[in-house]
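Visitor: below: sequence and its predicted model.
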Amino acid sequence: TLSIIFSALFAVLEILIPVYTKYILSEGIISRDMDNILRYGGIMLLLTLAGVVASLLNTYFSTKTSVNYAMHIRNVVFTKVSHLAQSDVDKIGVSSLMTRTTNDVRQVHDVILNSLKSILPVPIMLIGGFYMAYSVSPGLLKTVMSVIPIILVIAVVLIICIVPMFQKIQKLLDHLNFILRGKIGGIRVVRAFNKTDYEDGRFDGTNKKLTRISLVANRIVSGLIPILTVGLYSLICYIMYICVTDATAPGVDPKTSLETIPNMYMFITYFAVIITALGTVLAIVVSIPKASVSAKRITEILDAVSD
């Protein structure tokens, strides 16, 4: 609960800070009023310090909650494995049980941690960003929001492509553990029958396959960041072009032209907040399929019949 409260506080502060930046530009720098610059600058400094404290506390409590939850799941799974029927152990496999108790629990932990950090900030940033950007320029906001359907399409494509890959990765991890456990446990037999090269070949083949699929999956996910970055800065350039064109149009009052600068800054800042929030949602959406595969594998152990 505390992590959610502090994350929400941090998001609210993120929305408020650009407002005072606009005041500094419009009522301080443009008006050449040092008192306003110092007053609004002091408020921004206090808000920034409060945001840093809220972010640190959010990280502390969300990490503590997710780690404790993962520890509980790990203990429950370990206890369940200790009392499994031999038929279930043979069916799932010892190597798979080891992977599910460690790696799969870690995947669930990561999603819980990211969700606790974003469950409230993302809606607040989206709603606040849309509202504040709309208050600055409704027409411009409607134009640049055409990028949202593109982001949604990218998310759907990523999920469709990545889910099967993560399923294969978890199975290959099980198989890799199986080969390694067999070689270590039967090292004397392997050496006695001169099968060291054969076992090394099995391990190397599985390891290369796992590496290849992991690289493809991670490259797809990592490719999301440069795509969003290029799209964001392209739209920012477009926003600046529109604002400058309107400010320098014939017949525009010089005072109105000067007011375009703080308004443009405020709009760009809130647009960046919106895109950042959407990027966070997209990152969580992409990680959920990976965690769901791990969660299903853990559930298989918990649903198994004990002796």
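Guide: Cool, the structure landed.
Visitor: by contact count, what packs against the helix or strand hosting Lys208?
Guide: In this structure, Lys208 is located in helix 196-222 according to DSSP states H and E. If you count contacts as 3 or more C-beta pairs under 8 Å, 6 or more residues apart in numbering; DSSP states H and E, helix 196-222 packs onto helix 147-185. (Each C-beta comes from the backbone N, C-alpha and C, glycine too.)
Visitor: quick one, what contacts the closest residue to Met98 other than its chain neighbours?
Guide: Closest residue to Met98 apart from its sequence neighbours, by C-beta to C-beta, 6 or more residues apart in numbering: Asn177 at 5.6 Å. Asn177 makes contact with 95-96, 98-99, according to C-beta atoms under 8 Å, 6 or more residues apart in numbering.
Visitor: Asn194 now?
Guide: Going by C-beta under 8 Å, 6+ apart, Asn194 touches no other residue.
Visitor: confirm it sits in a helix?
Guide: No: assessed by DSSP: H, G, I helix; E, B strand; the rest coil, Asn194 does not belong to a helix; its assignment is coil.
Visitor: please report phi then psi for it.
Guide: Dihedral angles of Asn194 (phi, psi; degrees, to the nearest 10) stand at phi 60, psi 50.
Visitor: before we move on, back to that, model confidence over the helix holding Lys208, on average?
Guide: The average pLDDT for helix 196-222 rounds to 83.
Visitor: measure the residue nearest to Met98 to Phe203 for me?
Guide: According to C-beta to C-beta, to the nearest Å, Asn177 stands 11 Å off from Phe203.
Visitor: ditto for Gly139
Guide: Going from Gly139 to Phe203 by C-beta to C-beta gives 61 Å.
Visitor: okay, these two: which has more neighbours?
Guide: Using other C-beta atoms under 10 Å, the more surrounded residue of Gly139 and Phe203 is Phe203, with 16 against 8.
Visitor: go ahead and confirm the more buried one touches His175.
Guide: No: using C-beta atoms under 8 Å, Phe203 is not in contact with His175, being 9.8 Å away.
Visitor: before we move on, the earlier item: continuing past the helix holding Lys208, what's the next helix or strand?
Guide: Counting by DSSP H and E, what follows helix 196-222 is helix 224-247.
Visitor: about what we covered before: can I get the contacts of Asn177 in CSV including distance to Ile284?
Guide: What follows is the contacts of Asn177, written out as CSV (distance: C-beta to C-beta, whole Å):
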residue, distance to Ile284
Ser95, 30
Ser96, 27
Met98, 28
Thr99, 24
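Visitor: residues contacting Val286?
Guide: Contacts of Val286 by C-beta under 8 Å, 6+ apart are 155, 158-159, 162, 221, 224.
Visitor: gap between it and Ile43?
Guide: In terms of C-beta to C-beta, Val286 sits 37 Å off from Ile43.
Visitor: and the helix or strand hosting Val89, how far out from the chain middle?
Guide: Element membership for Val89 (DSSP H and E) is helix 86-92. Relative to its chain's centre, helix 86-92 lies at 36 Å (C-alpha atoms, centre = their mean, to the nearest Å).
Visitor: residues near Asp88, how many?
Guide: Neighbours of Asp88 using other C-beta under 10 Å come to 18.
Visitor: let me fix that: Phe193
Guide: Other residues close to Phe193 by other C-beta under 10 Å number 10.
Visitor: now, of the contacts of Asn177, which are buried?
Guide: Among these, the ones that count as buried by 16 or more other C-beta atoms under 10 Å are 95-96, 98-99.
Visitor: poorly predicted segments of the stretch 201-307 of the chain, please.
Guide: By pLDDT under 70, the low-scoring segments of the stretch 201-307 of the chain are 225, 252-258, 305-307.
Visitor: list the contacts for Asn58?
Guide: Residues touching Asn58, when contacts are defined by C-beta under 8 Å, 6+ apart, comprise 3, 6-7, 10, 117.
Visitor: now it: which helix or strand?
Guide: Element membership of Asn58, judged by DSSP H and E, is helix 34-82.
Visitor: list the buried residues in stretch 73-93.
Guide: Buried, per 16+ other C-beta under 10 Å, within stretch 73-93: 73-74, 77, 80-81, 84, 88, 92-93.
Visitor: closest one of the residues you listed to Leu215?
Guide: Using C-beta to C-beta, Gly93 is the member of these that lies nearest Leu215, at 25.5 Å.
Visitor: SS state for the closest residue to Phe61 other than its chain neighbours?
Guide: Spatial nearest neighbour of Phe61, excluding adjacent residues (C-beta to C-beta, 6+ apart): Ser3 at 3.7 Å. Taken by three-state DSSP, the conformation at Ser3 corresponds to helix.
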